[in-house]
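Student: Pasting the sequence and the predicted model now:
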Amino acid sequence: MFEKGSFRDRSGRIFLQNGNVYRALSPEGLRDWEFVSKLPFLQRAMASGHVVRTTPAPAMSALAAQAGFFAAVQHERMPFVSWPYEWSFSMLRAAALLQLQLMESALAEDAILKDASAFNFQFRGTQPVLIDTGSIVPLRPGQAWEGYRQFCQMFLYPLMLQSWKGVHFQPYLRGAIEGLTPQQFSRMLSMRDLFRSGAFSHVWMHARLQTLSSSQRNVARSMQDSGFSKSMIRNNVTGLMKIVDGLQWRPVASTWSDYDESAEPVQRDAAVKEAFIEQVCSSQHWNTVWDLGCNQGRYSRIAAKYSDLVLAMDSDHLTVDRLFQRLQSENNRRIVPLVSDLADPTPSQGWRGTERRSLEHRSKPDLVLCLALIHHLVIGSNLLLADVLDWLASLKATIVLEFVDREDPQVQTLLSNRQDIFCDYGRDAFLSLVTQNFTILREQPLSAARTLFLLQPR
Amino acid sequence: MNHTLVLAYLDPGTGSMLLQAIVGGSAGLLVLFRHLWRSFRYAKTGSVSDVKGT
């Protein structure tokens, strides 16, 4: 079965067979792969894990052969596939720098990464990995970097938007699968911004040239005949590396960034909760754990000791970014932090609504941590308690849920400035709904009006 | 210079290609001027054969 999101480049297509990942290659794709797979830079990048490990496939599927493909290679299977609009600033920046580093190494050996889609990258824990080996091709003399505009749209402009304007880039990348165009981003910049590194050339002039030259034909041929060379791509890549390296996003704090260190309930209950979660997690080996509302990843770290993969999700961008930075400094390969708002989750989108699929289509957890989150979903985001529990039950996973009752000071704070319309929220209603969908395996009272539950779906 | 032209599956954008010459250093600027000169000649004469390889 062909992967739904791999149709754009006709030189290759991803398909899955017996749980393995293969790339079917056209005659052109095979010719390019035979050249680039021998290059030392690519072998080094595969050995270090920066490019997905790829080996010749012994046989190709009948489906790929019928579709006109010529040969196939096998890729190491990534534990999870995430989308750039689920990444934090530092994740997008790490992927951008890897794209440029690979470009630099490829150019030195007369190859190039022909495109620069952020979707070409995945994360193994906190390590970015190029998964689209089909984008590495021999460099044809005189050709420009075809992926330059794509790099700007999917990496450079979103990073600049976050760094310079403090505007979260995720809604823009989620809203436009090709990213921010030079014309769009140029309009977002102030006069002061034009003096920032890279703004005048890569944004303003880029936008003007796109507009002015849109009617020109045969530009690629003319540039080639005018003497365009590899050194110009290399200079551009070196310049972009300096710009991306200099882009920083360091806000002082956000709503949740310091919660784990300062909030009273966390400090009060931390030891009991940690012991409870350690006991649950250590009871077996888990394939995939979702930590919903992970904050600083305190419980993700416990889960990671007993599982292959932990998706640490939080809607607070800064909290996720700081978690990524800490995990990156520890070289963590099991926890993937994601910016994810459960009340506004990643939809299935792109061509025919299947090109970039929703979280639930990409990952099936066998353990879900949902700690001190449910009151935010019901009272903060107006979701129905019954619906939230129904959704959790639909995951068919073991659930650790911390219920925070109405008397809790945090719930009182949530209700303090709004009309209390939440007649469905309370311990009795919760227990009644829970017992319809789950078996309560264990219950652990915490301080104030909080209780930990271990739930098994019926 | 007359290498085989291999076009991309991705539309690189005409303005993006021109900008790559600008940010490609001083040699890139020379390429841009050559290209503009070729475009100018093409607009005047309808042919680039007399300036090819300059």
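Tutor: Done, it's in.
Student: quick one: A:Val310 from A:Phe89, how far?
Tutor: From A:Val310 over to A:Phe89 the distance is 21 Å, taken as Cβ to Cβ, to the nearest Å. In this view, the C-beta of every residue, glycine as well, is placed from N, C-alpha and C.
Student: A:Gln419 now?
Tutor: For A:Gln419 relative to A:Phe89 (Cβ to Cβ), the value is 36 Å.
Student: Looking at these two, which one has more neighbours?
Tutor: The residue with more neighbours, out of A:Gln419 and A:Phe89, is A:Phe89; 26 against 6, by other Cβ atoms under 10 Å in any protein chain shown.
Student: Name the nearest residue to the more buried one, ignoring sequence neighbours.
Tutor: What sits nearest to A:Phe89 in space, not counting adjacent residues and going by Cβ to Cβ, 6 or more residues apart in numbering or on different chains, is A:Trp249, at 4.5 Å.
Student: That neighbour is in contact with A:Gln162, isn't it?
Tutor: Yes - between A:Trp249 and A:Gln162 there is a contact under Cβ atoms under 8 Å: 5.0 Å.
Student: These two: which is more packed in?
Tutor: The neighbour comparison of A:Trp249 against A:Gln162 (other Cβ under 10 Å) goes to A:Gln162, with 24 against 19.
Student: per-residue confidence for residue 21?
Tutor: Just so you know, I chose chain A. What the model reports for A:Val21 is a pLDDT of 94.
Student: look at chain B instead
Tutor: 92.
Student: Same question for it, what's its three-state structure.
Tutor: helix (DSSP: H, G, I helix; E, B strand; the rest coil).
Student: do the same with A:Pro251
Tutor: With three-state DSSP as the basis, A:Pro251 sits in coil.
Student: nearest spatial neighbour of it, skipping sequence neighbours?
Tutor: According to Cβ to Cβ, 6+ apart, the nearest residue to A:Pro251 is A:Leu318 (5.9 Å).
Student: Let me know the distance separating that neighbour from A:Gln296.
Tutor: 11 Å.
Student: B:Arg34 too?
Tutor: In terms of Cβ to Cβ, B:Arg34 sits 56 Å off from A:Gln296.
Student: Ok, A:Ser48 next?
Tutor: Relative to A:Gln296, A:Ser48 is positioned 29 Å away (Cβ to Cβ).
Student: which one of the two has more residues nearby?
Tutor: Neighbour comparison, A:Ser48 and A:Gln296: the larger count goes to A:Gln296, with 21 against 10 (by other Cβ under 10 Å).
Student: Distance of the more buried one relative to chain B?
Tutor: From A:Gln296 over to chain B the distance is 39 Å, taken as Cβ to the nearest Cβ, to the nearest Å.
Student: shouldn't that residue be in contact with A:Leu323?
Tutor: Yes - assessed by Cβ under 8 Å, A:Gln296 is found in contact with A:Leu323 at 5.9 Å.
Student: any shared contact partners between those two?
Tutor: Among the neighbours of A:Gln296, none is also in contact with A:Leu323 (Cβ atoms under 8 Å, 6 or more residues apart in numbering or on different chains).
Student: List the contacts of the residue nearest to A:Pro251.
Tutor: Residues near A:Leu318 by Cβ under 8 Å, 6+ apart: A:251, A:253-254, A:256-257.
Student: Residue of chain B closest to chain A, please.
Tutor: Nearest residue of chain B to chain A: B:Gly24, at 2.7 Å (Cβ to the nearest Cβ).
Student: element containing that residue, please.
Tutor: Using DSSP states H and E, B:Gly24 falls within no helix or strand.
Student: Spatially, which residue comes closest to it, not counting chain neighbours?
Tutor: Once flanking residues are discounted, B:Gly24 sits nearest to A:Met232: 2.7 Å by Cβ to Cβ, 6+ apart.
Student: I'd like to know the average pLDDT value across the helix or strand harbouring the one you found.
Tutor: According to DSSP H and E, A:Met232 maps onto helix A:230-246. Average pLDDT, helix A:230-246: 97.
Student: Quick check: buried residues in it?
Tutor: Across helix A:230-246, burial judged by 16 or more other Cβ atoms under 10 Å in any protein chain shown covers A:230, A:232-237, A:239-241, A:243-244.
Student: coming back round to it: the residue nearest to A:Phe89: what's it in contact with?
Tutor: A:Trp249 touches A:89-90, A:162-163, A:166, A:321, counting by Cβ under 8 Å, 6+ apart.
Student: Which strand residues bridge A:Ile335?
Tutor: Listed beta-bridge partners, A:Ile335: A:Val310 (assigned using DSSP bridges).
Student: for it, what are its contacts?
Tutor: A:125-126, A:297, A:300-301, A:304, A:310, A:312, A:327.
Student: quick check, nearest of these to A:Val289?
Tutor: Closest approach between these and A:Val289, by Cβ to Cβ: A:Val310, at 4.6 Å.
Student: Where is the longest helix in chain B?
Tutor: If you go by DSSP state H, chain B has its longest helix at helix B:26-45.
Student: Does that helix pack against any helices or strands, and if so which?
Tutor: The contact analysis (3 or more Cβ pairs under 8 Å, 6 or more residues apart in numbering or on different chains; DSSP states H and E) places helix B:26-45 against helix A:219-225, helix A:230-246, helix B:14-22.
Student: Make TSV from these and add distance to A:Gln184 to it.
Tutor: Listed next are the helices and strands packed on helix B:26-45 as TSV, based on distance: least, Cβ to Cβ, whole Å:
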stretch	distance to A:Gln184
helix A:219-225	22
helix A:230-246	19
helix B:14-22	14
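Student: looking at these, which is closest to A:Trp83?
Tutor: Comparing the helices and strands packed on helix B:26-45 by Cβ to Cβ, helix A:230-246 comes nearest, at 19.8 Å.
Student: Can I get that closest one in CSV? Just the C-alpha atoms.
Tutor: Provided in CSV are the C-alpha atoms of helix A:230-246 (Å, rounded to 0.1, in the frame of the first residue of the first chain):
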residue,chain,number,x,y,z
LYS,A,230,27.9,25.4,-7.4
SER,A,231,29.9,28.1,-5.5
MET,A,232,26.8,30.4,-5.6
ILE,A,233,24.6,27.7,-4.0
ARG,A,234,27.3,27.1,-1.4
ASN,A,235,27.6,30.8,-0.6
ASN,A,236,23.8,31.0,-0.2
VAL,A,237,23.8,27.9,2.1
THR,A,238,26.6,29.3,4.2
GLY,A,239,24.7,32.6,4.6
LEU,A,240,21.5,30.9,5.5
MET,A,241,23.3,28.8,8.1
LYS,A,242,24.5,32.0,9.8
ILE,A,243,21.0,33.5,9.7
VAL,A,244,19.3,30.4,11.1
ASP,A,245,22.0,30.0,13.7
GLY,A,246,21.4,33.6,14.9
